[in-house]
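Novice: Sequence and predicted model, in that order:
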Amino acid sequence: MQARMMIYVCMVKRKGYIIEKVADMDNLRNAAREAQRNKNPRNDSIVAFNANPEPKLQALREMILTLHFPETQYRRKELQNDYGKARSLCYEDYYPWNVLQYAIMRVIGRDVFSGIVYDSFSCVPGKGTHWGVKRLKMFLRRYPEFKWRVQCDGRKYYFSLPHYIILQRFSRKYKDKKFLKLLEVAVLKFESGPEYIKIFEDEIEKRDKRSKHRRVHEPSPELACV
């Protein structure tokens with residue numbers, strides 16, 4: 001019984017001294033390399049960083065420990081997918097923001113991914129669209145009585161998440177208040193809250209009114225009378 005109680009206490013104990021691990025120079029060096037993967041090496045921000053990386057990493061370490069960061073400069077790119085849907089992509093410079101985000105995930109990534117359901121695929125290492133398709137096929141073979149699936153999308157999902165809920169979840173895992181403040185600076189810079197949820201609900205309502213095919217199947221009048 002005592003052993004079980006000790007295991008339980010260890011499981012619920014919150015972690016501390018996280019920001020020091022994020023600001024560790026070896027962690028920042030590895031984060032800088034990982035942040036450049038699958039990116040254009042001729043990107044102006046990456047070229048400028050690689051010309052003299054050590055002083056920039058030292059400066060980033062100072063930013064993390066003091067929580068003093070430059071003002072964020074977002075860039076916007078308009079994209080269009082294969083179905084003609086227009087998307088607006090906002091992104092930040094490689095340094096310091098991309099490096100900082102990778103440095104954070106290198107420290108807390110295991111905790112984050114262990115806290116989500118197994119069948120989460122987006123942005124999860126080792127998973128993705130193809131893994132999701134394999135899981136769906138497996139479920140269809142295992143449960144042949146299920147013939148239908150639902151595909152949906154949360155419009156402006158991240159913008160509609162209140163920040164206090166995200167921070168509340170992280171505070172259950174980490175007691176480092178300085179690190180929680182760092183998350184606000186590095187990850188939760190965008191505006192969010194209930195007022196945005198109302199705006200997105202109005203947009204969805206307008207889109208539904210414009211849609212001509214809101215239903216997958218509508219029974220004929222003859223069948224409806226049976």
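Specialist: Everything's here; your move.

Novice: List the buried residues of stretch 99-107.
Specialist: Buried residues in stretch 99-107, counting neighbours by 16 or more other Cβ atoms under 10 Å, are found at 99, 100, 102, 103, 104, 105, 106, 107. Heads up, the C-betas are built off the backbone N, CA and C, glycines and all.

Novice: How about stretch 40-47?
Specialist: For stretch 40-47, burial by neighbour count (16+ other Cβ under 10 Å) applies to residue 46.

Novice: what's the most distant pair in the buried residues of stretch 99-107?
Specialist: Distance extremes for those: the farthest pair is 99 and 107 at 13.3 Å, using Cβ to Cβ.

Novice: mind checking how far the residue nearest to residue 129 when sequence neighbours are not counted is from residue 30?
Specialist: In this structure, residue 129 finds its nearest non-sequential neighbour in residue 121, 6.9 Å apart by Cβ to Cβ, 6 or more residues apart in numbering. Note on residue 121: its distance to residue 30, by Cβ to Cβ, to the nearest Å, is 25 Å.

Novice: now, which of the buried residues of stretch 99-107 sits nearest residue 150?
Specialist: Distances from residue 150 to the buried residues of stretch 99-107, taken as Cβ to Cβ, are shortest for residue 105 (30.3 Å).

Novice: my read: the closest one touches residue 112, true?
Specialist: Yes. If you go by Cβ atoms under 8 Å, residue 105 and residue 112 touch, sitting 7.4 Å apart.

Novice: Report the residue ranges of every domain in this protein.
Specialist: 12-115+152-211, 116-151 (automatic domain parsing).

Novice: Sticking with residue 111, tell me its helix or strand.
Specialist: In this structure, residue 111 sits in helix 99-114 according to DSSP states H and E.

Novice: ok, now residue 45?
Specialist: helix 44-51.

Novice: now that helix against helix 99-114, angle please.
Specialist: 100 degrees (axes from the mean of the first three to the mean of the last three Cα atoms, to 10 degrees).

Novice: Next secondary structure after helix 44-51?
Specialist: helix 53-66.

Novice: helices or strands next to the following helix or strand past that following helix in the packing?
Specialist: Using DSSP H and E, the next helix or strand after helix 53-66 towards the C-terminus is strand 75-80. Under the contact definition 3 or more Cβ pairs under 8 Å, 6 or more residues apart in numbering; DSSP states H and E, strand 75-80 sits against strand 86-91.

Novice: any weak-confidence spans in the protein?
Specialist: 1-12, 81-85, 88, 154-156, 160, 190-226 (pLDDT under 70).

Novice: cutoff 90 now
Specialist: 1-14, 38-45, 70-94, 112-133, 136-137, 139-140, 143-169, 184-226 (pLDDT under 90).

Novice: Centre-most residue in it?
Specialist: With distances taken as Cα atoms, centre = their mean, the residue of the chain nearest its centroid is residue 123 (7.2 Å).

Novice: Can you tell me what sits against whichever helix or strand residue 182 is part of?
Specialist: Under the criterion of DSSP H and E, residue 182 resides in helix 177-186. Here helix 177-186 makes contact (Cβ atoms under 8 Å, 6 or more residues apart in numbering) with 18-19, 22, 64, 67, 69, 97, 100-101, 104, 163, 166-167, 170-171, 174.
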